[in-house]
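Participant: Sequence plus predicted model, see below.
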Amino acid sequence: MTSLPPPLSMIIAWLLLLLPLWTIARAVAAILHQAQQMHRIPCHHCRFYSGDPYLKCTVHPRHALTESAINCPDFKR
């Protein structure tokens, strides 16, 4: 049975080492991006936000605390 030439085996070894690290780095970047997006939601600082789990916003209850509320036209401090 023949073995792989040393340069090819080194390349495969590095790929096997770097691929999981690259995947983890992409996952962390996606989590950070999602966290930044969620921090842009202004509902908690709006005067129409009630904090009630059944009716979170009296003006836009369907969009309260979602990404569609980021540019809410009725946002008031």
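Facilitator: Good, I have the coordinates.

Participant: I'd guessed Cys46 sits against Leu65; true?
Facilitator: No. Contact between Cys46 and Leu65 fails when scored by Cβ atoms under 8 Å: they sit 10.4 Å apart. (Glycine included, C-beta is placed from N, CA and C.)

Participant: Out of those two, name the residue with the larger neighbour count.
Facilitator: Neighbour count, other Cβ atoms under 10 Å: between Cys46 and Leu65, Cys46 has more, with 21 against 13.

Participant: I'd like to know how far that one sits from Leu16.
Facilitator: Cys46 sits 50 Å away from Leu16, going by Cβ to Cβ, to the nearest Å.

Participant: just Ala27 next, same as before
Facilitator: 18 Å.

Participant: picking that back up, which neighbours do Cys46 and Leu65 have in common?
Facilitator: Residues within reach of Cys46 and of Leu65 at once, by Cβ atoms under 8 Å, 6 or more residues apart in numbering, are Cys57.

Participant: Could you say which helix or strand holds the most centrally placed residue in the chain?
Facilitator: Closest residue to the average C-alpha location of the chain: Gln34 at 2.0 Å, with Cα atoms, centre = their mean. Applying DSSP states H and E as the criterion places Gln34 in helix 6-39.

Participant: okay, the residue nearest to the centre of the chain: pLDDT?
Facilitator: Looking at Gln34, its pLDDT reads 95.

Participant: List the contacts of it.
Facilitator: So Gln34 contacts nothing (Cβ under 8 Å, 6+ apart).
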